[in-house]
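> give me coordinates for this.
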Amino acid sequence: NGLEVLYSHRPGIGLCTVQAWVRTGSVHEGRWEGSGISHYLEHMVFKGTGRFSNRELTEAVHRSGGYANAYTTFDRTVYHVDAPQEGFETAMEAVSDMVFDPLITDADAKMEREVILREIAMCDDEHDSVLAETVLGETLRAHPLRHPVIGHRELFVRVRPDDLRAYHAGRYVPSNVVLALGGSMEPAEAFAAAERWFGRFERRPVLAVESVAELPQAGVRRVDLVRDVSTAKGVACWAAPGLFAEGRLAMDLFLGVLGSGNSSLLWDELRERRKLVHSIDASAFGIREHGLAWFGWAGEAGADASAVEAAIPEVVDRLLQRGVTPAEFAKVRRQAAVSMVNGQKNIHGLVGRAAYAACVGHDIHWPRRGVEELARLAPEDLAREARRWLRPEAVTYGTLRGRAAVAPAVVARPGAVVPERFEVLTLDNGATKVRNSDLKSKGSMTLTAALAWSRNIIFSKVGLSLGSNAREAAARLYATWLRFGFGGKTGIDVV
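Numbers count the residues shown, from 1 in each chain. I've put the predicted structure just below:
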């Protein structure tokens with residue numbers, strides 16, 4: 001039926017792990033994009049199956065001494081049961097039924113809907129999450145990675161039980177799942193159990209999701225949030241190689257030199273020497289085809305965000321110019337090796353690493369190749385890769401500050417700065433007219449011509465998004481012209 005099965009044999013440990021890795025997450029939601037339907041479905045899978053109620057499933061796993069859990073992220077949804085070896089059959093039966101035969105009822109969907117709405121409300125109160133979500137939304141204009149995994153409330157509430165059933169039928173198919181097993185069982189026993197419990201389900205086509213390419217960022221972007229917080233926080237975000245892309249490991253190590261721990265360059269410069277922040281770090285995350293380099297900092301309520309944002313690229317540029325020293329390279333390479341080992345200390349982590357490679361990377365040998373690449377890298381490789389991505393015009397800044405620390409005049413919102421007084425009129429022939437406060441019009445041009453005329457100003461300097469319709473485009477275009485001193489006393493007809 002197309003199911004991929006992996007098994008890691010560890011004789012004598014007396015334990016087992018059963019993990020089903022579904023190749024679907026918030027970036028695969030297609031017509032439900034941004035709704036959080038992947039996370040919603042994860043909740044529904046635990047409500048019961050065609051053969052067992054939720055209580056029966058839970059009690060069976062617990063009687064065997066096992067523990068069941070699941071999580072949803074950008075590019076996968078994972079269900080797992082860890083148990084003593086004697087609980088292997090129970091774990092296989094439970095996971096197979098949950099993944100491929102969940103009973104998605106209208107009543108259960110309504111109940112879980114309320115649970116998730118409370119989760120969304122809690123996320124809205126988590127200031128760090130709000131900052132991260134806002135920065136992602138500003139950094140990425142097209143790719144679904146910009147959406148929160150839990151979904152936007154206004155899109156989530158539109159998901160109906162029939163949508164959940166359709167999404168499950170299209171994405172939870174055997175050929176879109178990796179079954180990863182580990183334990184003391186003999187290989188023949190493990191694969192026979194996989195055939196017995198997971199071979200029951202027929203091959204079905206996968207619901208395809210159109211790939212979306214993110215255009216390169218051509219100008220600095222920023223978002224500034226003001227909330228009821230007592231500290232200041234900020235982010236600087238650049239695009240980075242995807243998780244399995246060539247050069248990703250070199251980029252990870254470069255970011256480690258910059259911001260991994262209190263011996264890093266950013267910590268030493270911004271915290272110890274300049275006293276600008278309490279903490280700062282740098283790391284990368286993302287999915288197979290798209291990565292992000294994420295610099296996060298925290299400071300006093302009155303921290304000078306502009307000074308922090310000026311200092312970060314200074315430190316980055318200094319390292320790019322001088323290169324990574326042999327001592328710095330040795331340190332971050334050791335840290336990377338230790339991280340690889342730590343992730344495989346127990347049977348769950350060992351199996352999960354291989355499952356991740358097969359599920360997300362479609363390459364079971366990726367962990368081994370990662371070790372080989374780590375051995376091949378040299379200090380100069382790190383800066384060479386980083387120069388491709390950490391360009392000064394391709395960064396998005398975000399800040400989160402308390403109301404008491406920010407004067408009303410400087411409170412900013414995401415998006416373009418819009419004049420206080422202007423009108424947008426749509427004429428009978430479909431033309432859109434933008435007029436400023438003096439209500440005088442002194443010229444007109446097509447939107448295409450306006451974009452061409454403003455290309456260097458808008459795209460290279462501010463990375464302006466012109467929106468999805470003529471009205472929004474005209475308003476933002478005009479607002480940007482005003483920011484750069486053009487058209488201060490004119491109206492512009494955009495047709």
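> now stretch 174-192 - C-alpha only, CSV.
What follows is stretch 174-192, C-alpha atoms only, in CSV (Å, rounded to 0.1, in the frame of the first residue of the first chain):
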residue,chain,number,x,y,z
PRO,A,174,-0.2,5.0,3.5
SER,A,175,2.2,6.3,0.8
ASN,A,176,2.4,9.7,2.7
VAL,A,177,3.3,8.1,6.1
VAL,A,178,6.5,6.7,7.5
LEU,A,179,6.1,4.0,10.2
ALA,A,180,9.3,4.0,12.4
LEU,A,181,9.7,1.2,14.9
GLY,A,182,12.4,0.4,17.4
GLY,A,183,13.0,-2.0,20.2
SER,A,184,14.1,-5.5,21.3
MET,A,185,11.8,-7.4,19.0
GLU,A,186,13.4,-9.5,16.3
PRO,A,187,13.2,-7.8,12.8
ALA,A,188,10.9,-10.5,11.4
GLU,A,189,8.5,-9.9,14.3
ALA,A,190,8.5,-6.1,13.8
PHE,A,191,7.9,-6.3,10.1
ALA,A,192,5.2,-9.0,10.4
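> from the middle of its chain, how far away would that stretch be?
Taking Cα atoms, centre = their mean, to the nearest Å, one finds the center of stretch 174-192 at 29 Å from the center of the full chain.
> now it: buried residues?
174, 176-185, 190 (16 or more other Cβ atoms under 10 Å). In this view, the C-beta of every residue, glycine as well, is placed from N, C-alpha and C.
> what of stretch 331-338?
331-333, 336.
> what does it rub up against?
249, 252-253, 256-257, 260, 263, 371, 374, 377 (Cβ atoms under 8 Å, 6 or more residues apart in numbering).
> one more: stretch 107-121?
36, 39-40, 43-44, 47-48, 150-151, 153, 156-157, 159-161, 164.
> out of the residues you listed, which comes closest to His365?
His39 (30.5 Å; Cβ to Cβ).
> contact partners for Gly199?
1, 3.
> and the pLDDT for it?
Looking at Gly199, its pLDDT stands at 97.
> from the buried residues of stretch 331-338, which is closest to Glu93?
Nearest to Glu93 among those, counting by Cβ to Cβ, is Ala336 at 38.9 Å.
> phi first, then psi, for the closest one.
Ala336 adopts backbone torsions of phi -70, psi -40, taken as degrees, to the nearest 10.
> Glu246 now?
Per degrees, to the nearest 10, the backbone of Glu246 is at phi -60, psi 130.
> hang on, the earlier thing: quick check on the contacts of stretch 107-121: which are buried?
36, 39-40, 43-44, 47-48, 150-151, 153, 156, 159, 161, 164.
> part of a helix, is Gly261?
No: counting by DSSP: H, G, I helix; E, B strand; the rest coil, Gly261 is not part of a helix but coil.
> who are the contact partners of Ala68?
Contacts of Ala68 (Cβ under 8 Å, 6+ apart): 46, 57-58, 61, 79-81, 94-95.
> quick one: those as a markdown table, columns for secondary structure and distance to Ile120 too.
Listed next are the contacts of Ala68 as a markdown table, based on DSSP: H, G, I helix; E, B strand; the rest coil; distance: Cβ to Cβ, whole Å:
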| residue | secondary structure | distance to Ile120 |
| --- | --- | --- |
| Phe46 | coil | 19 |
| Leu57 | helix | 26 |
| Thr58 | helix | 25 |
| Val61 | helix | 28 |
| Tyr79 | strand | 22 |
| His80 | strand | 25 |
| Val81 | strand | 28 |
| Ala94 | helix | 28 |
| Val95 | helix | 28 |
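> and which of these is nearest to Thr24?
Tyr79 (12.0 Å).
> the closest one pairs with what?
Tyr79 has these beta-bridge partners by DSSP bridges: Ala20, Ala70.
> got a list of what it touches?
19-20, 22, 42, 45, 68-70, 95, 98-99.
> and with 6 Å instead?
20, 70, 95, 98-99 (Cβ atoms under 6 Å, 6 or more residues apart in numbering).
> any idea how far Ala190 is from it?
As for Tyr79, its distance to Ala190 is 17 Å (criterion: Cβ to Cβ, to the nearest Å).
> just Arg368 next, same as before
For Arg368 relative to Ala190 (Cβ to Cβ), the value is 21 Å.
> now do Val115
35 Å.
> quick revisit: for the contacts of stretch 331-338, work out which two are farthest apart.
Longest span within the contacts of stretch 331-338, Cβ to Cβ: Ser263 and Val371, 24.2 Å.
> and these two? Which one has more around it.
Val371 (13 against 10; other Cβ atoms under 10 Å).
> the closest residue to that one other than its chain neighbours: what secondary structure?
In space, not counting the residues next to it along the chain, Val371 is nearest to Met340; the distance is 6.7 Å by Cβ to Cβ, 6 or more residues apart in numbering. Per three-state DSSP, the local secondary structure of Met340 is helix.
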